[in-house]
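Trainee: Quick one: sequence plus predicted model below, questions after.
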Amino acid sequence: MAAVQTVSCRHFAERALAGHPSALIGLGEDDRLCYLNPAAEELLGYRQQEVTGRPLDLLLPIEPATLLQMGNPAEGQHPPLICRAQTKDGLPLLVSVSLWQWSEARGRSVTLQVERNVEKDNSPELEAVLTQALDQLGDMVWITDHEGVIRYVNPAFEEGTGFSSREVVGRNTSTVLKSGRHDAAFYRRLWDTLDQGAPFRDVFVNRTRDGSLVHMDETITPVRDSQGRVRYFVATARDITNRLSLENRLQELASSDPLTGLANREHILQQTQTALQWNRQTGFCSGLLLLDLHQFKRINESHGHSLGDAVLQTVAQRLQTAVRRADTVARIGADHFLVLVENLDDCNQMGTLATTILEAVNGPLTVEDQPMVLRGRMGVSLIRPEDTDAGTMLKRAEAALGRAKSESAAKPVFHDPAMDQQVHHFLRLEAELHQALEREEFQLFYQPKVATDSGRIQGVEALIRWIHPERGTVSPAEFIPILEDTGLVDAVGEWALETGCRQARAWHDAGHSELVMNVNVSPRQFRGGQFEQVVARALEKTGFPAAYLEIEITESLLVDDLPGVARSLERLREMGVGIALDDFGTGYSALNYLLQFPIGTLKIDRSITQTVTQTPRHRALVEGLLRLAEGQELITVVEGVETCDQLEALRDMNCHQVQGFAFGRPEPAEALTNRLRESERLEPRPA
């Protein structure tokens, strides 16, 4: 930049500047245009008389405050400003503006020197291309000198920040964009990189003109002169605020349960994995608390999913209120919640905290004007020093919860090593059950139903048995729950139905044509809504008459889904299949089931039968149930008859049929075939 010369504006013409090769623009004390030399007229396309008395921004986007900085001796030599201009004809120009003259002698006068900002090719065409490229670039661009003073901004910068070129050119970026959201370490890293001559790229949090914060993916590149000194910094940036918001929202959705807003399974297991590492370093006590809502399925399906969702949201709120701030609460299943408790000084505190959380969930509530009582079960697994896997932790909590549910425990149940053996046993049985059907390890045993008055066999109940190749006969109480939990009960249940019908058809063909076959059905087999089709296939394959097939259901099925079950049972009755209600007298024992569903046979549970001869009250209970069934025109079968005294008492009460060890234990088809061949009349065996 040429040295600043001091002359007054009225002496411009006298100085014969017309021959100066650079474009010179003169301003009077009111910052109004008063002179253009021929080079300026040629560059900008204006004549002096066209601009005299008009403001500077007609030609250059420079604020008067910037002129004061350029002419202030305290500021030192002011580097050129790079800015956008355009000719009278609208041709864009990228120009470098520097101070050529300054005078305060008789009112301020200023002369600016304007040059095209193109080093290698001064052609107007190339200058226009470069200017248009910067102007049309979608990314924000601004150029500063080596002290951070803004010399140029493009239209994208103006649009993205809200600042106009006039407002920011000549100002330091720290007074324009700085938000205060970055610490000293961030800026040390920035300047260390730039001082090495390398570009610096990071996400900046900048402040716009209206004060809002934006996230910019920003790159700052140092520009050196021919002597290797940094003269300018070129910054380019793109607003990524919306993208980051979307990414944060997606991350939130990926790690949370949409219904309750709690963490989801994946997120809390990641947190648990981190807690395992932290505990090994610190020695604090941490653990997982697994909560299950008792009979939630009944609430959900009896009152509708909307109310069920509201219950879950209420439980989530209760849990968040009960836990400490450091704990994490998650919903990991339909009605399963998991709490990660961290950093307890003493593991003895875990029991108190777990009890507090469980008590917060339990209790009455009203949802959608529907009063109800919540009852939760909880299993607790403490983190051990040797633990390395969050999944193992969760399995231990599941084992403890299983114990809590089986024992109907009102307090949290802590995992102990013995439960690990049960879990391993369960997993081993599950794996073996997947192969048992294929390997034909299942077998049906049959127990007769005997007419109380005549002793004749009127029907048989098919009972599934698992003949394990190594362990022998496995108790149904041990493997039936696994079949139901894993869904294998569908395939095994269909096999049992078809096998029972085929055997009953063989007995009919052998002359026992009045024999009724009873087959037990799990509630899970009804869930798909296609069970009646399974029955139809079995009858078609075996040729067994539907009138002699009786499906045994339990009261829990009737609770699960009243409308759906009623339709399925009605379709079965239309097919001619009988329906027997098993284990009556236990569970819910809702008498209106006898009116709502097409039940033809009532089977009274053995737990009631065992007491029929003990006291008059026990006898009256059984007699009352039999009269109830008689009033509903139901066939009655009393289970668990083991003695002649019990049989005689039931005969006196006009019970239709009995079933129990008094007439034999369940046995394979071959053994019962032999008994049928010998006689269809069975006498009770002595106790």
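Mentor: All right, it came through fine. Residues are numbered from 1 along each chain as shown.
Trainee: so where do the helices sit in the stretch 201-350 of the chain?
Mentor: Taking DSSP state H, counting those that start in this stretch, the helices of the stretch 201-350 of the chain run over residues 241-255, 265-282, 296-303, 305-322, 348-361.
Trainee: My error: substitute the stretch 501-650 of the chain in the last question.
Mentor: 531-542, 555-560, 562-575, 593-596, 606-609, 616-631, 644-652.
Trainee: how about TSV for the helices of the stretch 201-350 of the chain, with mean pLDDT and mean neighbour count added?
Mentor: To be clear about C-beta, it is placed using only N, CA and C from the backbone, and glycine gets the same treatment. TSV is the format used below for the helices of the stretch 201-350 of the chain (pLDDT from 0 to 100; neighbours: other Cβ atoms under 10 Å):
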stretch	mean pLDDT	mean neighbour count
helix 241-255	65	11
helix 265-282	82	16
helix 296-303	68	17
helix 305-322	87	17
helix 348-361	90	17
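Trainee: Figure out which of these is closest to residue 488.
Mentor: helix 296-303 (19.8 Å; Cβ to Cβ).
Trainee: which one of the helices of the stretch 501-650 of the chain lies closest to residue 312?
Mentor: Per Cβ to Cβ, nearest to residue 312 of the helices of the stretch 501-650 of the chain: helix 555-560, 18.4 Å.
Trainee: and stretch 63-82, average pLDDT?
Mentor: Mean pLDDT, stretch 63-82: 70.
Trainee: Please read the previous query as pertaining to stretch 623-641.
Mentor: Mean predicted lDDT for stretch 623-641 stands at 87.
Trainee: I'd like to check what contacts it. Which residues are they?
Mentor: 449, 580, 583-585, 591, 594-595, 599-610, 622, 647, 650, 653-663, 684 (Cβ atoms under 8 Å, 6 or more residues apart in numbering).
Trainee: Now, those residues that are in strands?
Mentor: 449, 580, 583-584, 601-604, 657-659 (DSSP state E).
Trainee: Could you export those residues as JSON lines, including distance to residue 291, neighbour count and pLDDT?
Mentor: Listed next are the ones in strands among the contacts of stretch 623-641 as JSON lines, based on distance: Cβ to Cβ, whole Å; neighbours: other Cβ atoms under 10 Å; pLDDT from 0 to 100:
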{"residue": "449", "distance to residue 291": "43", "neighbour count": "26", "pLDDT": "92"}
{"residue": "580", "distance to residue 291": "37", "neighbour count": "24", "pLDDT": "91"}
{"residue": "583", "distance to residue 291": "29", "neighbour count": "19", "pLDDT": "80"}
{"residue": "584", "distance to residue 291": "33", "neighbour count": "28", "pLDDT": "79"}
{"residue": "601", "distance to residue 291": "40", "neighbour count": "24", "pLDDT": "90"}
{"residue": "602", "distance to residue 291": "37", "neighbour count": "23", "pLDDT": "89"}
{"residue": "603", "distance to residue 291": "36", "neighbour count": "25", "pLDDT": "88"}
{"residue": "604", "distance to residue 291": "36", "neighbour count": "27", "pLDDT": "85"}
{"residue": "657", "distance to residue 291": "44", "neighbour count": "24", "pLDDT": "90"}
{"residue": "658", "distance to residue 291": "44", "neighbour count": "26", "pLDDT": "90"}
{"residue": "659", "distance to residue 291": "40", "neighbour count": "23", "pLDDT": "90"}
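Trainee: Return the closest of those with respect to residue 498.
Mentor: residue 580 (18.9 Å).
Trainee: Name the nearest residue to that closest one, sequence neighbours excluded.
Mentor: residue 601 (3.8 Å; Cβ to Cβ, 6 or more residues apart in numbering).
Trainee: what sits against that neighbour?
Mentor: So residue 601 contacts 550, 578-581, 634-637 (Cβ under 8 Å, 6+ apart).
Trainee: Filter these down to the buried ones.
Mentor: 550, 578-581, 634-637 (16 or more other Cβ atoms under 10 Å).
Trainee: so residue 469 makes contact with residue 435?
Mentor: No - judged on Cβ atoms under 8 Å, residue 469 makes no contact with residue 435 at a distance of 10.2 Å.
Trainee: just checking, residue 240 touches residue 215?
Mentor: Yes - taking Cβ under 8 Å as the definition, residue 240 is a contact partner of residue 215 at 5.3 Å.
Trainee: between the two, which one's more packed in?
Mentor: More crowded of residue 240 and residue 215, by other Cβ atoms under 10 Å: residue 215, with 19 against 16.
Trainee: ok, the residue nearest to the more buried one when sequence neighbours are not counted - contacts?
Mentor: Closest residue in space to residue 215, ignoring its immediate chain neighbours: residue 241 at 4.7 Å, by Cβ to Cβ, 6+ apart. Neighbour list for residue 241: 213-215 [criterion: Cβ under 8 Å, 6+ apart].
Trainee: ok so, going back, nearest to residue 285, out of the helices of the stretch 501-650 of the chain?
Mentor: Using Cβ to Cβ, the nearest of these to residue 285 is helix 555-560, at 39.3 Å.
Trainee: tell me the average confidence for the closest one?
Mentor: On average, helix 555-560 scores 67.
Trainee: and if you look at stretch 196-204?
Mentor: Rounded mean pLDDT across stretch 196-204 is 87.
Trainee: Domain ranges for the chain, per the record?
Mentor: 1-128, 137-255, 259-415, 430-678 (automatic domain parsing).
Trainee: hang on, the earlier thing: who does the residue nearest to residue 580 form a beta bridge with?
Mentor: Taking DSSP bridges as the rule, residue 601 bridges to residue 580, residue 635.
Trainee: related to what we said a few turns ago, could the helices of the stretch 201-350 of the chain be laid out in JSON lines, adding distance to residue 167?
Mentor: JSON lines is the format used below for these (distance: least, Cβ to Cβ, whole Å):
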{"stretch": "helix 241-255", "distance to residue 167": "21"}
{"stretch": "helix 265-282", "distance to residue 167": "46"}
{"stretch": "helix 296-303", "distance to residue 167": "61"}
{"stretch": "helix 305-322", "distance to residue 167": "48"}
{"stretch": "helix 348-361", "distance to residue 167": "57"}
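Trainee: pLDDT score assigned to the nearest residue to residue 363 once chain neighbours are set aside?
Mentor: Distances taken as Cβ to Cβ, 6+ apart put residue 374 closest to residue 363, at 6.3 Å, once the chain neighbours are dropped. For residue 374, the model assigns a pLDDT of 82.
Trainee: Check the gap between residue 374 and residue 258 for me.
Mentor: Remark: distance between residue 374 and residue 258 (Cβ to Cβ, to the nearest Å) = 22 Å.
Trainee: Have a look at those two and say which one is more surrounded.
Mentor: Between residue 374 and residue 258, counted using other Cβ under 10 Å, the more crowded position is residue 374 (18 against 9).
Trainee: you'd agree that one is up against residue 359?
Mentor: No - shown here, residue 374 and residue 359 do not form a contact pair, counting by Cβ under 8 Å, at 10.9 Å.
Trainee: what about residue 450, neighbour count?
Mentor: Look at residue 450: counted by other Cβ under 10 Å, it has 27 neighbours.
Trainee: buried ones in the host helix or strand of residue 43?
Mentor: Element membership of residue 43 [criterion: DSSP states H and E] is helix 38-44. Across helix 38-44, burial judged by 16+ other Cβ under 10 Å covers 39-41, 43-44.
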